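Student: with the input below, show me the fold.
(chains A and B)
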Amino acid sequence: MDETVLEIVKKAVKKLSINIDDPRLKSIIEIPKDRSKGDFAFPCFSLAGTMKMPPHEIAVSLREAIGNPPADFKDVVVEGAYLNFFIDRKKLAINLIKEIEGKKNNFGRSEAGNGKNTMIEFSQPNTHKAFHVGHIRGTAIGESLARISEFSGEKVIRANYSGDTGMHIAKWIWCYRKYHSREKLKNSEKWIASIYVEAVKKIPKLKKAQDEVEEINRKLDSKEDPEINKLWEKTRALSIESWKKIYQELDTHFDVHFFESDVEKRGREIANELIKRKIAKVDEGATIIKFEDENLGTWVLLRKDGTVLYSAKDLALAEMKFNKYKIEKSIYIIGAEQSLHIAQLFRTLELMKFKNADKCRFIPVSEVRLPTGKMSSRTGDNILYSEFMEEMVKFAKKGIKARDKKVSKPELEKRALAISIAAIKYSMLKQSSNRNIIFSKEESFNFEGNTGPYLLYSYARASSIINKSKFLGELLQNFDLDEKEAEMVLKMKEFKNIIEKAHEDLNPSVLANYSYELSKIFNEFYHSSEVLGSQKENFRLHLVKAFSQVLENSLYLLGIKILERM
RNA sequence: GCCUGGGUAACUCAGCCUGGAUAGAGUGCCAGCCUUCUAAGCUGGAAGUCGCAGGUUCAAAUCCUGUCCCGGGCGCCA
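Tutor: Numbers count the residues shown, from 1 in each chain, chains lettered A, B, ... in the order given. Below you'll find the predicted structure:
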């Protein structure tokens, strides 16, 4: 529709025999914040220079040049320097509702991506460490971007990447053998995390500990000690098992799960190749790259004892992603504190003349902090996923029981979990990824206002109307749109543009905020307009159904499961 | 010191890329609304020198420069 406006303006400008073919004209067309001003607006300020006329006069002459309102438009009005376009809202409502009813779950889907293979790497928990609420952020963003990309016509490969080797494992094993060897190994996230925290605390205090850990790390690397190998294998498997439930609850899955141990060997080879190619060098025993660009500093690939660092492993991983999976785009969703590391990685790929270096994109995700400061799996200053969810579900159950006394037990469990996941995921998605989130428990237990549960509630309200209605006939066209109905239609109309924007910017928060705005308008409508039994029942039912579909699609793209009842 | 993200209402944020019509939400606070499709809702109100100072422009929260404050990073953790 905005393209149509552009055409009209262009034609009018031409009629005034002024030669402007400014490509910027398109971006000038805006949607007024105050919808009573019009559905689209063309501000004439920018033409003032070329046309040598005051903006208001330009608007007036353009209006004259346009003549009768063109098809699909009700009116074109001059206000100050603005040319305001009013579309035929009823016509729009009919067409849009029909389109949504026809396309259903596919409304908003596009083929723009041409089936391009895209790999999205996200979540990346390390074995032998905590999975805390901070991990939810990257996981939620990754899953949502995967869905948005798929909806935009790409073929997405979801990838997880876990550190299952390196110093933190050595520390864990050291601590377990020294203090917990009589305990049975468990697949409990909490237990696993606690041993790591204990190790971090104890090692600096004990004289020989650091050397002992180094020794274990070397043995892990060389695989020479069968007992350590076995312990590593077992505990690694338990860690991985502990994530299964978490990913199931978060409604995400991975097509491939890479581990550092898979790329360690190749990482070392690459590091050595880079020495031969004079890209890297040995300095104080370690293998490093010194970047010409001083802002990229120095990157260490191999430690002086020869063990492989995650830098070299990431090089090997990048290579493997493209070679083995034939991808055309590689997205890294990683903590912002690794920005330098990623810049070094991408720059090295370029230096290596890796042909896909330009197809890698990095989405930095900032920290989830506690009011008291940084959340850390090293120090144990964090909120574990499992503990938090347990509390949240308990809280959600209270609310459900209060409004639905007859709810069955399995239904209660299902709803409480869905509400909790919606709450936590939405709180992570609605905020821009480059901002820190100060995570406060109290606030996450608030289900009112701009929250996940509000969205689910809006959907449930719509469902309730639909379920109570009788057979829904064809959309009759004997209605007049009121303000609230028109607002809903116009908002739903924006859906496609929003997806496009979210996809382009790789930013789900655009879609999250849209979902909220859409729900808000629906709740206003719900309050002011009776549906069942009203004169306009037929139209309003179709409208509610269309809304419910758009919100469902929107929530799907955020990775949030809907509920018919709350 | 250098690099990087942020500074918008009491609090948490959107808007900034792509400059335009009185700067928007939510929470909290104040005042209302449940015999009517779920009150996890709706309506109204109070609340803002858009960190600060310059500059560009007809027009700056938005672009440029400087500066202050906070977070993160800067060679053998990931």
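Student: count of neighbours near the closest residue to RNA strand B within the stretch 1-150 of chain A?
Tutor: Of all residues in the stretch 1-150 of chain A, A:F45 sits closest to RNA strand B, at 2.7 Å by Cβ to the nearest atom of the strand. All C-beta atoms are positioned from the backbone trio N, CA, C, and that covers glycine. By other Cβ atoms under 10 Å, the residues close to A:F45 number 14.
Student: would you say it is within a helix?
Tutor: No: counting by DSSP: H, G, I helix; E, B strand; the rest coil, A:F45 is located in no helix; its state is coil.
Student: I figured it hits A:L83, correct?
Tutor: No: A:F45 is beyond contact range of A:L83, at 11.4 Å (criterion: Cβ atoms under 8 Å).
Student: quick check: neighbours shared by the two?
Tutor: Listed as contacting both A:F45 and A:L83 by Cβ atoms under 8 Å, 6 or more residues apart in numbering is no residue at all.
Student: contacting residues for A:I521?
Tutor: A:484, A:487-488, A:491.
Student: now, those that are in helices?
Tutor: Using DSSP state H, the subset of these located in helices is A:484, A:487-488, A:491.
Student: pLDDT weak spots in chain A?
Tutor: A:1-3, A:17-27, A:49 (pLDDT under 70).
Student: for the residue of it found nearest RNA strand B, which three-state class applies?
Tutor: As assessed by Cβ to the nearest atom of the strand, RNA strand B sits closest to A:G449 within chain A, at 1.9 Å. Secondary structure, three-state DSSP: A:G449 is coil.
Student: for A:R369, same thing?
Tutor: Quick answer, by three-state DSSP: A:R369 is strand.
Student: pretty sure A:R565 contacts A:Y459?
Tutor: No: A:R565 is not in contact with A:Y459 according to Cβ under 8 Å; the separation is 10.0 Å.
Student: show me which of the contacts of A:I521 are buried.
Tutor: Among those, the ones that count as buried by 16 or more other Cβ atoms under 10 Å are A:484, A:487-488, A:491.
Student: and the strands in chain A, which stretches?
Tutor: A:40-43, A:73-79, A:82-87, A:117-121, A:155-162, A:256-259, A:281-283, A:286-290, A:298-302, A:329-335, A:360-365, A:368-369, A:437-438 (DSSP state E).
Student: export those strands to JSON lines and tack on distance to A:R218 and mean neighbour count?
Tutor: As requested, these are arranged in JSON lines below (distance: least, Cβ to Cβ, whole Å; neighbours: other Cβ atoms under 10 Å):
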{"stretch": "strand A:40-43", "distance to A:R218": "67", "mean neighbour count": "22"}
{"stretch": "strand A:73-79", "distance to A:R218": "75", "mean neighbour count": "17"}
{"stretch": "strand A:82-87", "distance to A:R218": "71", "mean neighbour count": "22"}
{"stretch": "strand A:117-121", "distance to A:R218": "29", "mean neighbour count": "23"}
{"stretch": "strand A:155-162", "distance to A:R218": "21", "mean neighbour count": "22"}
{"stretch": "strand A:256-259", "distance to A:R218": "19", "mean neighbour count": "17"}
{"stretch": "strand A:281-283", "distance to A:R218": "19", "mean neighbour count": "12"}
{"stretch": "strand A:286-290", "distance to A:R218": "15", "mean neighbour count": "19"}
{"stretch": "strand A:298-302", "distance to A:R218": "13", "mean neighbour count": "20"}
{"stretch": "strand A:329-335", "distance to A:R218": "28", "mean neighbour count": "22"}
{"stretch": "strand A:360-365", "distance to A:R218": "32", "mean neighbour count": "19"}
{"stretch": "strand A:368-369", "distance to A:R218": "34", "mean neighbour count": "20"}
{"stretch": "strand A:437-438", "distance to A:R218": "39", "mean neighbour count": "16"}
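Student: turn those into JSON lines, including distance to A:S427.
Tutor: JSON lines is the format used below for these (distance: least, Cβ to Cβ, whole Å):
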{"stretch": "strand A:40-43", "distance to A:S427": "34"}
{"stretch": "strand A:73-79", "distance to A:S427": "40"}
{"stretch": "strand A:82-87", "distance to A:S427": "36"}
{"stretch": "strand A:117-121", "distance to A:S427": "21"}
{"stretch": "strand A:155-162", "distance to A:S427": "22"}
{"stretch": "strand A:256-259", "distance to A:S427": "27"}
{"stretch": "strand A:281-283", "distance to A:S427": "45"}
{"stretch": "strand A:286-290", "distance to A:S427": "39"}
{"stretch": "strand A:298-302", "distance to A:S427": "35"}
{"stretch": "strand A:329-335", "distance to A:S427": "17"}
{"stretch": "strand A:360-365", "distance to A:S427": "14"}
{"stretch": "strand A:368-369", "distance to A:S427": "10"}
{"stretch": "strand A:437-438", "distance to A:S427": "8"}
